[in-house]
Each structure stands twice: as C-alpha cells, then as structure tokens.
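# mind folding the following:
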Amino acid sequence: MLASVFLVTDENVMFRLITCLSMLLAAFASPSHAATPCAAAGTTDRSLTSESYTIASDTPGIDLYLRNKRPADLKTFSAQRTLLYVHGATYPSETAFDLVLDGMSWMDYIACHGWDVYLVDLRGYGRSTRPPEMAQPAEQNAPIVDTAVALRDVGSAVEHILARRKLERVNLLGWSWGTSIMATYAAANPDKVQRLVLYAPLWLRQTPSPIGSDGPLGAYRQVGRDQAHKRWLSGVPADKQADLIPEGWFEAWADATWATDPDSGKWNPPMLRAPNGVLKDVREYWAAQRPYYDPGAILAPTLLIYGEWDQDTPGYMAQTIFGLLENAPWKRLVAIGESTHTIIMERNRLQLFREVQLFLEETAPTTQ
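Alright, predicted model coming up:
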C-alpha cells in the first residue's frame, strides 16, 4: 500500500483547501444528498407520495385531519397492504407516527414496504377541528370526545379509505387509548378489518392510572412539556434513562406536538389541550373493572405489542387481552425489552417497527 502525505505551508493555500473541503461537506450534507426515508428504512429506495387533507365527520362543522403516504409508483391498492393508524389519549397521530427521526418515521417505514398508509386525528386533537367547548374554560363543560365519539371518527376515516381505494377491508393500528378504539371497531365490524395491531393496549387497571385518576374533570386538560417528559420516563431505571431517548428526539417531538395547538402559546410555559372524554372512560370502565369491548368478538388476526417499562398500559393488560382473544384466527403477543409506552420514539423503535411489519406481511399460519 502506498501512502502520500502533503504538507501545506502557505496560509492562503491552506485557507482555500479548508474552504473547498467545507463546501464539499456541506454539499453532501444537504437535502439533495441526504438519505431518503426508504433508504433509512433499509428497503428498496423509492419515492413516497404524501397527501394531507381533511374529511367531514358525522357532525356538522367538525372535520377530521388525515394524512396518506404511499410509494409514488403504487398504482394498485389492496386490503392486504392498506393501513389506518390512530393515536392515544393526549397527543395527535401526525407528530409521533409521522415524525421523521434519523431519516424516517414509522409511517415512512410501512409505506416504504409498499403500503398505502393513513393516519387520522380524532376531533379535538392535532389538526382536526376542535369542538367549541375547547374555546371555553375547561370547567364550564363536561368531558368531550369519549370512546363512543372516537369510534365514530375512526368509522368516518375507514369508510373514506374504503371508498377512495374501492376496498372492503383495511388493517388497523392503534396506540394506547387508540387500541381500545380500534379493538372496539374491529369487534363491531369484523367484515371491514383485515388485521389488527394493538400497540401498548389498554385494559382493566390493576395499578393507578398515571393521568386523570382523581379530581373533577372538565371538557379538556392542559399538558406541559416537562410533565410529558416526566411521564415518559416513569418506570425507567435511573441508570437507563439517559440512553433511552436519542439526543434531540424528545425536543423534536415536543416542538411538533405543541405546534399543533394554535392556543398553546397563550400560556407560559406553552400548554397543549387534550379532550377529557378518555379520562371519563378510564374511570367509568377500565378503572371500574368494566371492559369497554369484548375481545372474544374480534375475528381478525391480532398482534399485541408492548414495552417492558410501560407504566401507562403495563404488560399485564396485553397479557390479559391475549387470553381473551378466543375467536381471532391467530394471535401474537410481543414484549420489547428496555422500552416504555413510547417505544415509537426510543432507541429500540426498530424492534417495534420490524415486529409489526412481520405480523402485517407474513402468510397466515396453517394447521396441518
């Protein structure tokens, strides 16, 4: 091997070399040279098409925000590769499911595998219409947007997708409270659900709820960034907390999430408003040992997946639901180590992505 060493002693020449090198580095760090989402996902490098728009809900004056991502060259749509995602109790869909971290979002990851992927924000969340009660002091109205209302919004989104793509079924993915919404929908509409993914599923509580367990409930609640960060790390061993969330990821998520509430800047520190209907349901159903839905009525293949350190929906909830899925043609229970309720934005997130993708795409097992 030959090696050459050049010693530059002229300061002007050195400056020009450093300048040229800096320009080259900047050029390769520019968006035109950055890895595409599909390259980051480790799939065939392909362009994605993204559409964001609203559809009418079943309530006059209330519109629902949807986003669709799919490969730009995807021309044929199928129930097997179409999916709808819905969020949990506090934060909207877009800022977690489609938050680009390390080059890609979870939505990108699924789309890059050749899928037609949708997300929906329930009314009162994200970029969907906020009910008029949210413009008034919270204590002046009863909790809004409970699971019954959320089911109607998911139903509107499903019907839109089925009509748009001329399909009869769709895959459903819910996170946290979103799992009870999607599971209830699947139980009531077995003919419209291809497969069901319950990420951090909610069930009857044996432990105190980390949010809204006591006190009066108004129409909505307000959440600060510090409160969100503390809740995120709840249950994580002290010596593991520093490495759980990659540097800058929490800030990227919080900036995007609080920006979806046009009134967040009215308070110092900024506060995010979230409807309290889910907390009413937690008290009346999950904390009162009253199931909101019957897992035995679910007829779709079902995956339950959760994190080892999840305090919002601890693992015993998924384990209990798993045993009650008596009529699902096949089912799977997966626990991911060293992760919380928010695996989606943690260092082990690819384990979540891969396990869900495997379930969505694998051939149904056969009995022989």
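# you'd agree residue 285 is up against residue 293?
No. Taking contacts as CB atoms under 8 Å, residue 285 lies outside contact range of residue 293: 9.4 Å. Backbone N, C-alpha and C define where each C-beta goes, glycine included.
# residues that sit against both of these two, list them.
Counting by CB atoms under 8 Å, 6 or more residues apart in numbering, residue 285 and residue 293 have no common neighbour.
# what's near enough to touch the residue nearest the centre of the chain?
Centroid-nearest residue in the chain: residue 97, 3.8 Å away (criterion: CA atoms, centre = their mean). When contacts are counted by CB under 8 Å, 6+ apart, residue 97 is found next to 85, 87, 105, 106, 107, 119, 175, 344.
# could you measure from it over to residue 120?
10 Å (CB to CB, to the nearest Å).
# anything in contact with each of the two?
residue 85.
# can you give me how far the helix or strand where residue 272 lies is from the chain middle?
Under the criterion of DSSP states H and E, residue 272 resides in strand 271-275. Centroid separation for strand 271-275 versus its chain: 17 Å, with CA atoms, centre = their mean, to the nearest Å.
# in terms of secondary structure, what does it contact?
strand 220-224 (3 or more CB pairs under 8 Å, 6 or more residues apart in numbering; DSSP states H and E).
# just checking, what packs against the helix or strand just after the strand it packs on?
For strand 220-224, the following helix or strand on the C-terminal side (DSSP H and E) is helix 225-233. Contacts defined by 3+ CB pairs under 8 Å, 6+ apart place helix 225-233 against helix 249-258.
# tell me the mean pLDDT over the helix it packs on?
Average pLDDT, helix 249-258: 98.
# now what about that helix, what contacts it?
91-92, 94-96, 99, 101, 225, 228-229, 232, 264, 270, 272, 345-346.
# do the same with stretch 143-156
55-58, 64, 84, 86, 120, 122-125, 128, 131, 133-134, 177, 180-182, 184-185, 188-189, 217-220, 275-281, 292.
# please apply the same query to stretch 165-174.
77-80, 82-86, 116, 158, 161-162, 180-183, 185-186, 191-199, 356, 360.
# mind checking which of the residues you listed land in helices?
158, 161, 162, 180, 181, 182, 183, 185, 186, 356, 360 (DSSP state H).
# so residue 44, which of the three states?
coil (DSSP: H, G, I helix; E, B strand; the rest coil).
# from residue 256, how far off is it?
28 Å.
# state the pLDDT value of the nearest residue to residue 146 once chain neighbours are set aside.
Of all residues not flanking residue 146 in the chain, residue 277 sits nearest, at 3.2 Å (CB to CB, 6 or more residues apart in numbering). pLDDT, residue 277: 98.
# residue 277: neighbour count?
Residue 277 has 26 neighbouring residues, counting by other CB atoms under 10 Å.
# just checking, which helix or strand of the protein averages the lowest pLDDT?
helix 11-29 (a mean of 37; mean pLDDT, DSSP states H and E).
# residues in contact with the helix or strand that comes right after that one?
Later in the chain than helix 11-29, the nearest helix or strand by DSSP H and E is helix 37-41. With contact meaning CB under 8 Å, 6+ apart, helix 37-41 is reached by 44-48, 100, 102-105, 108-109, 111-113.
# just the buried ones from the contacts of stretch 143-156?
55, 57, 64, 84, 86, 120, 122-125, 128, 131, 133-134, 177, 180-182, 184-185, 189, 217-220, 275-281, 292 (16 or more other CB atoms under 10 Å).
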